[in-house]
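>>> From the sequence below, what's the structure:
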Amino acid sequence: MDQEKNKELTVFWAQSQPTIASFIHSLVPNFQDADDILQNVAIITVEKFEQFDRNLSFTAWANGIARNLILKYYSQKGKKLVILDAETINKVAQVYEQESRSIHDQKESMQKALKKCLMQLKNKWKKIVDMHYIEEFSPVRIAQQLSMTRNNVFVSLHRIRLALKKCVERELDEVYS
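Below you'll find the model as predicted:
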């Protein structure tokens with residue numbers, strides 16, 4: 001796997017791992033067995049990452065892998081456990097998948113709203129945002145570049161964040177109303 005795809009997988013896994021772990025632990029009573037399944041899910045996601053459709057939710061895809069491993073776990077353990085049937089496991093998986101899609105959709109809506117709001121920023125505010133968040137300039141350096149005081153940069157950043165927050169909230173209200 002090339003370095004770019006490796007980074008992409010790392011980000012997806014870091015964002016999704018708590019949900020995947022929660023899903024597995026909700027269905028597998030033994031902590032060590034659940035952790036083993038989680039590790040196997042991680043291995044399989046690396047091995048099959050080329051097959052992942054980026055138009056879908058990574059969490060839902062990985063939970064599908066987890067669901068298959070959980071079904072295999074129960075079939076191997078057989079009567080040694082209080083067995084959850086495949087239908088129950090699938091229903092729990094569906095709930096996690098729906099929640100994952102909902103969170104994914106909300107994040108996309110927030111990103112779109114933020115992009116729209118960033119486009120509406122005044123020139124000076126846009127320049128401050130670009131310098132601080134994209135070019136990673138310190139407030140002192142921004143102040144030097146724009147002939148401002150350091151405190152004015154801090155105040156501007158605070159006002160920009162508040163304005164963006166209000167703008168994003170308005171945009172999301174329009175989407176969800």
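
>>> neighbours of Met110, just the number please.
14 (other CB atoms under 10 Å). (Each C-beta comes from the backbone N, C-alpha and C, glycine too.)

>>> Three-state assignment for it, please.
With DSSP: H, G, I helix; E, B strand; the rest coil as the basis, the three-state label of Met110 is helix.

>>> ok, now which ones touch it?
Met110 makes contacts with Val168, Leu172, as judged by CB atoms under 8 Å, 6 or more residues apart in numbering.

>>> any idea how far it lies from Phe31?
Counting by CB to CB, to the nearest Å, the gap from Met110 to Phe31 is 34 Å.

>>> With Tyr176 instead?
Here the criterion is CB to CB. By it, Tyr176 lies 38 Å from Phe31.

>>> sec struct for Pro29, please.
Classified using three-state DSSP, Pro29 is coil.

>>> helix, strand or coil for Asn55?
Each residue gets one of three states, and Asn55 gets coil by three-state DSSP.

>>> Model confidence for it, exactly?
Among the per-residue scores, Asn55 holds a pLDDT of 82.

>>> can you check His158 too?
95.

>>> and it, how many neighbours?
Per other CB under 10 Å, the neighbour tally for His158 reads 10.

>>> Helix or strand: which one has it?
His158 is located in helix 150-176, with elements delineated by DSSP states H and E.

>>> can you pull the buried residues of the lowest-mean-pLDDT helix or strand in the chain?
Among the helical and strand segments of the chain, the one scoring lowest on mean pLDDT, DSSP states H and E is helix 86-119, with a mean of 82. Along helix 86-119, the positions that meet the burial threshold by neighbour count (16 or more other CB atoms under 10 Å) are Ile89, Val92, Ala93, Tyr96, Glu97, Glu99, Ser100, His104, Ala113, Leu114, Cys117, Leu118.

>>> quick check, nearest of these to Leu38?
Tyr96 (13.8 Å; CB to CB).

>>> which ones are touching that closest one?
When contacts are taken as CB under 8 Å, 6+ apart, Tyr96 is in contact with Thr19, Ser22, Phe23, Thr59, Ala60, Asn63.

>>> For the helix or strand harbouring the fourth one, buried residues please.
Under the criterion DSSP H and E, the helix or strand holding Thr59 is helix 58-77. Under the neighbour-count criterion of 16+ other CB under 10 Å, helix 58-77 has 58-67, 69-71, 73-74 buried.

>>> How is this protein divided into domains?
Under the assignment automatic domain parsing, the domains of the chain span 3-108, 120-176.

>>> Considering those domains, which stretch scores lowest in mean pLDDT?
That would be domain 3-108, which, of all those, carries the lowest mean pLDDT at a mean of 85.

>>> now the end-to-end length of that domain.
Here the two ends of domain 3-108 are set 25 Å apart, with distance taken as CA to CA, to the nearest Å.
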